[in-house]
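Novice: A predicted structure for the sequence below; I have some questions about it.
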Amino acid sequence: MRRLERRSARRQTDQENRPRAGRGRGFPGPRLGAASPRAALVADLRTTNGKPFVVLVLASWLAVGSLGCGEEAAEPTPSSGVTPPAHGARHPRLSDWGLFRDAPRQLPRDGVVPFEPIAPLFSDYTHKRRWLYLPPGEELGYSDEGAWELPVGSILIKTFSYPQDLRRPVSPEVDSAEERLMETRLLHRSSAEQWTAHTYVWDEAGQQTENKLAGATLPASFIDSSGEERQVDYGVPNLNACQTCHGALDVLTPLGLTARQLVSPIDYGAGPEDQLEHLEALGWLDRAPSAARERLVDPFAPGDLHQRARSYFDANCASCHREAGFAAGSGVWLDVASMHPESGDPTRWGVCKQPTAASGATCGLTYDIVPGHPEASILICRTASSEREVRMPPLATTVAHAEGVAMLSDWIRALPPASCTPD
């Protein structure tokens, strides 16, 4: 009898140590909780008859039955709160951070606060959700004009997705039948000297993620605002691409989290509320915003064309096209200060300026911007192009932003006349 008990115990141990079906690298299969009645039933069967085949079939049937045929198990969420990895380490899954109470539905944990820039970056027609996390008791260094200083432990979160049909409104909560999650990017202030970028790619079911360092290309489709079906090869950037836009990780500048981008209301659950006022009420700002702070405008809402173009450039171009940016050598500076309607020099932002660093991608044209003539302006040719060596911006896009090109063309037509002649 004792030999039979020992033999049964060994069989049970072997079964428990054997890898479970469905656990591919980075995409864990369904788990049966230790306290689950179904898990107890499986454990009892292992103990009483020790038939591995029966146990395996029954366990698989129970797992599939608990999920629905063909469905993926959602990633579990840690119960211990927001949990960044140790310095220099990486979490294999987005859910390991504890930023969401339900990651597939994009429902953040308490203390993870949403924000929405007025003029967002165009990224191949993806929809984006953004959040900010500050460690308890910390404040950010607020500025009316420049970038904010975020404390150690801060996390910026951005998820990219494709709604099935861009003509329909997007719900704050993700419905996988109506929207496909593509990737979630995190910027973590891991130390006083360094930011760390983390990218998580979603599986096609929108249930599981995998940490990616080298980037990826994901085929996707959607119906655009005109009702046309579009196919795209969505590009997930690698770490080097992150640094091109945001700067080196030791001097990284978060984009979009500026006062001029957040002087607008969003709904936090109790009706619209100004974003800066909400952050101040949370005690997250180290000083009160001034009443004279500048505000960007929606590039696609009615209004002054120069302000609309200036706002669009701030989101889509100025991270590189500024005095200290990656494209400073081009001599075309598109930041809000350089494009100020009263103090800015039009030549500085391309009017009647011959390119100095276009690497031949001039479309056979002579000037960056020719007032009144978008068809003769290199800026329009490059923003309308989908060719890798010509298109602008060179990152985050593979297709032209038709609405952006149309708005910028209207802006160039409305610029004061100028006679562009070769130097």
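Specialist: The structure has been received and is ready for your questions.

Novice: Cross-check the contact I'm expecting between F100 and R109.
Specialist: Yes: shown here, F100 and R109 form a contact pair, counting by Cβ atoms under 8 Å, at 6.1 Å. All C-beta atoms are positioned from the backbone trio N, CA, C, and that covers glycine.

Novice: okay, the two: which has more neighbours?
Specialist: Ranked by neighbour count (other Cβ atoms under 10 Å), F100 and R109 place F100 first, with 22 against 18.

Novice: next one: stretch 298-312 to chain centre, how far?
Specialist: Centroid separation between stretch 298-312 and its chain, computed with Cα atoms, centre = their mean, to the nearest Å, is 23 Å.

Novice: That one - what's its average pLDDT?
Specialist: Per-residue pLDDT values over stretch 298-312 give a mean of 96.

Novice: what's the span of it from first residue to last?
Specialist: The first and final residues of stretch 298-312 sit 8 Å from each other (Cα to Cα, to the nearest Å).

Novice: can you give me the strands in the stretch 151-300 of the chain?
Specialist: 155-163, 179-191, 194-202, 209-212, 216-223, 229-236, 265-267, 272-274 (DSSP state E, counting those that start in this stretch).

Novice: Each with direction, which strands does the third one pair with?
Specialist: When pairs are called by DSSP bridges, strand 194-202 turns out to pair with strand 179-191 (antiparallel), strand 209-212 (antiparallel).

Novice: most neighbours per residue, which of those strands?
Specialist: When the strands paired with strand 194-202 are scored by mean count of other Cβ atoms under 10 Å, the highest mean neighbour count falls to strand 179-191 (a mean of 21).

Novice: who wins for proximity to P393 among the strands of the stretch 151-300 of the chain?
Specialist: strand 229-236 (12.1 Å; Cβ to Cβ).

Novice: Quick check: mean pLDDT of that closest one?
Specialist: Strand 229-236 comes out at a mean pLDDT of 94.

Novice: one step back: CSV please, covering the strands paired with strand 194-202 and showing distance to E280.
Specialist: Shown next, in CSV, are the strands paired with strand 194-202 (distance: least, Cβ to Cβ, whole Å):
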stretch, distance to E280
strand 179-191, 21
strand 209-212, 33
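
Novice: out of these, nearest to G350?
Specialist: strand 179-191 (30.2 Å).

Novice: Now do the closest one: distance to the chain's middle.
Specialist: Computed by Cα atoms, centre = their mean, the chain-centroid distance of strand 179-191 equals 6 Å.

Novice: what's the closest of the strands paired with strand 194-202 to T347?
Specialist: Nearest to T347, of all the strands paired with strand 194-202, is strand 179-191, at 34.7 Å by Cβ to Cβ.

Novice: May I have the residues that are in contact with the spatially most central residue of the chain?
Specialist: Residue closest to the average C-alpha location in the chain (Cα atoms, centre = their mean): K158, at 3.3 Å. If a contact means Cβ atoms under 8 Å, 6 or more residues apart in numbering, then K158 has K128, R129, R130, W131, T184, R185 as its contacts.

Novice: Confirm that the second one sits in a helix.
Specialist: The reference is to R129. No: using DSSP: H, G, I helix; E, B strand; the rest coil, the secondary structure at R129 is strand, not a helix.

Novice: Can I get stretch 106-114 in CSV, CA atoms only?
Specialist: Output of stretch 106-114 as CSV, limited to C-alpha atoms (Å, rounded to 0.1, in the frame of the first residue of the first chain):
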residue,chain,number,x,y,z
GLN,A,106,-7.5,49.5,-21.2
LEU,A,107,-9.0,50.3,-17.8
PRO,A,108,-6.3,52.0,-15.7
ARG,A,109,-5.6,51.4,-12.0
ASP,A,110,-6.5,54.2,-9.6
GLY,A,111,-3.7,56.8,-9.6
VAL,A,112,-3.0,56.3,-13.3
VAL,A,113,-4.4,59.6,-14.8
PRO,A,114,-5.4,60.0,-18.5
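
Novice: Flag every buried residue along it.
Specialist: Q106, P108, R109, V112, V113, P114 (16 or more other Cβ atoms under 10 Å).

Novice: distance of the residue nearest to the centre of the chain from L134?
Specialist: Counting by Cβ to Cβ, to the nearest Å, the gap from K158 to L134 is 16 Å.

Novice: for the record, mean pLDDT for whichever strand or helix holds L379?
Specialist: Secondary structure from DSSP states H and E places L379 in helix 378-383. Averaged across helix 378-383, the pLDDT comes to 92.

Novice: could I get the strands of the stretch 151-300 of the chain as CSV with distance to Y312?
Specialist: Formatted as CSV, those follow (distance: least, Cβ to Cβ, whole Å):
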stretch, distance to Y312
strand 155-163, 19
strand 179-191, 22
strand 194-202, 25
strand 209-212, 29
strand 216-223, 22
strand 229-236, 21
strand 265-267, 20
strand 272-274, 22
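
Novice: Could you point out which of these sits nearest A291?
Specialist: Of these, nearest to A291 by Cβ to Cβ is strand 272-274, at 12.3 Å.

Novice: Please identify the pairing partners of the closest one and their relative orientation?
Specialist: Paired with strand 272-274 in the same sheet, following DSSP bridges, are strand 265-267 (antiparallel).

Novice: quick one on the thing from earlier: between the contacts of K158, which is closest to G227?
Specialist: The nearest member of these to G227, counting by Cβ to Cβ, is K128 at 22.5 Å.

Novice: how much space is there between the closest one and A315?
Specialist: K128 sits at a distance of 12 Å from A315 (criterion: Cβ to Cβ).

Novice: higher neighbour count, the two?
Specialist: Neighbours were counted for K128 and for A315 using other Cβ under 10 Å; A315 has more, 20 against 16.

Novice: Quick check: closest non-adjacent residue to that one.
Specialist: Leaving out its chain neighbours, the residue that sits closest to A315 by Cβ to Cβ, 6 or more residues apart in numbering is A119, at 4.3 Å.

Novice: Could you do P85 as well?
Specialist: H91 (4.9 Å).

Novice: which SS state does the one you found fall under?
Specialist: Three-state call for H91 (three-state DSSP): coil.

Novice: Check what pLDDT the nearest residue to G81 once chain neighbours are set aside gets.
Specialist: Using Cβ to Cβ, 6+ apart and skipping the chain neighbours, the partner closest in space to G81 is G98 (5.6 Å). G98 carries a pLDDT value of 97.

Novice: surely G98 meets T83?
Specialist: Yes: using Cβ under 8 Å, G98 is in contact with T83, at 4.6 Å.
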